[in-house]
Every structure is written in structure tokens, then in C-alpha cells.
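**Student:** Starting from these lines, generate the structure:
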Amino acid sequence: MTDDFTHDEAIGTANEFASDDKKYGNSQTGDGSRFRRRGLFGLRGKTMYEEFEKLMAKYQTLTKPETAAIIENAMIIASTIWKKPNLQNGTPLTQYADGTFLRFSVLWFKLTGGIEKLPIAAKQYAKFLRGLECGGDLYPGQGQKCQFNATHQGFCTPYCIKGLEESGEICGCTGEIGPQCPDSPSHIRCCVDS
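**Tutor:** You can find the predicted model right below:
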């Protein structure tokens, strides 16, 4: 966040955003910077800016993308993304807000498209929960059944990734780790506990 919490956007130089020039629906040089991540949950890329403008044209996010960073607008954008994660249809994100690291991981992935800063986010979220006196840290959580191999089934479980190695109580598998679970970030794996 910048400007005394009145704006929320990714900060960097045009060169730093150049790697996004051909991603997220961006097609022209400079699109990575123009359609950078802005807002509490973050519109990112021309495609998201276009989809949001179709839903709420008054915000002019395509022609004036910087308006997505204004906190008042960012709150509207965040609530819209919460209800329609891909800004078209889809299940609201409420189902992932159950206090488990498993679901928090999926929620983070759906909001950001990756897990790069998940360890930091998980630690901050746990700190937030402790501050609210809402039961403390995240719980591990266990996902749906998955096919481990031809003869065994397991459960989708969050594997401990770099930055969460010391968090074995919320992630990890005591048995063998299998393939990535469908529709999940890369660290949600099929686990057969021993």
C-alpha cells in the first residue's frame, strides 16, 4: 500500500513489469506496467481489467487502470472478485475461508494465481487470527479423496513449501507424497499417511 493507505498497487519500474507484457491477456509492450496488480485482491492483466469493466463500467478500469488502486474502488473490486473469482462466473470464495491452511492455500492461489508469497501470507494471516483471538493459528485441514496410484487413494494435503518448513503442524504428510491434486496449487498433493 502507498500514499497513507489511500492506494493499493504493485510498485516498480516499467522494466520490472515488462515480464508481464505478454501474460494475463496483455499483448503490447508496456501492458505489464499499465495493467499491473492493483487493488486489495488485485486486478492483474488486461483480461481482468476488461472483465471488471464489463461488470462495472463506471470504474473505467480499462481506460483508467490506476483507478483500481484507489481504496474505495479496491474494496468494490475485492468484493466482486470474492463473489465472482474470475469476474465471469464461478463459486464465491467463501467456501475457502474455513481457517485451514489447505483452504487458505487454495484461496491464495485463486486470488493471486500462484504461491510465491504464500508463506508470508499464511504467517500474517495466523498473526491476524491470533490478534482477533479467533482460535490462533491456521489448522492443517484435509481435502478431498484423491487417487495416489493405481491401487491406493489418499487425501489432498498441503505440502510444506519453502518458508513454511517449520510449520509442520499445518502442512506436510506423514506418509508418501503423490501427484498434485486437481484444481489446486502445486503444493497440494495426494498424500497417503502411514
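
**Student:** so which strand or helix has residue 170?
**Tutor:** Under the criterion DSSP states H and E, no helix or strand holds residue 170.

**Student:** In contact with the nearest residue to it once chain neighbours are set aside: list those residues for me.
**Tutor:** Distances taken as CB to CB, 6 or more residues apart in numbering place residue 101 nearest to residue 170, at 4.0 Å, with adjacent residues excluded. (Each C-beta comes from the backbone N, C-alpha and C, glycine too.) By CB atoms under 8 Å, 6 or more residues apart in numbering, the contact set of residue 101 is 122, 138-141, 158, 167, 170-171.

**Student:** cutoff 6 Å now
**Tutor:** By CB atoms under 6 Å, 6 or more residues apart in numbering, the residues touching residue 101 are 138, 140-141, 158, 170-171.

**Student:** distance of it from residue 42?
**Tutor:** Per CB to CB, to the nearest Å, residue 101 is found 21 Å from residue 42.

**Student:** and what of residue 63?
**Tutor:** Taking CB to CB, one finds residue 63 at 19 Å from residue 42.

**Student:** When those two are compared, which one has more neighbours?
**Tutor:** residue 42 (22 against 10; other CB atoms under 10 Å).

**Student:** What score does that one have for pLDDT?
**Tutor:** Model confidence at residue 42, given as pLDDT, is 78.

**Student:** which residues touch it?
**Tutor:** With contacts defined as CB under 6 Å, 6+ apart, residue 42 has no neighbours.

**Student:** With the one 5 residues further on instead?
**Tutor:** Under the criterion of CB under 6 Å, 6+ apart, the contact list for residue 47 reads 24-25.

**Student:** That one in helix, strand or coil?
**Tutor:** helix (DSSP: H, G, I helix; E, B strand; the rest coil).

**Student:** Quick check on residue 155: phi, psi?
**Tutor:** Main-chain dihedrals, residue 155, degrees, to the nearest 10: phi -130, psi 140.

**Student:** Pretty sure it sits against residue 142.
**Tutor:** Yes - in this structure, residue 155 is within contact of residue 142 by CB atoms under 6 Å, at 5.0 Å.

**Student:** between those two, which one's more packed in?
**Tutor:** residue 155 (19 against 15).

**Student:** who are the neighbours in contact with that one?
**Tutor:** Here residue 155 is in contact with 142-143 (criterion: CB under 6 Å, 6+ apart).

**Student:** Go again with 7 Å.
**Tutor:** Taking CB atoms under 7 Å, 6 or more residues apart in numbering, we find residue 155 in contact with 142-143, 145-146, 191.

**Student:** buried set for stretch 27-39?
**Tutor:** 31-39 (16 or more other CB atoms under 10 Å).

**Student:** ok, the closest residue to residue 103 other than its chain neighbours - contacts?
**Tutor:** Distance criterion CB to CB, 6+ apart; nearest residue to residue 103, sequence neighbours excluded, is residue 96 at 4.3 Å. Residue 96 is in contact with 103, 106-107, counting by CB under 7 Å, 6+ apart.
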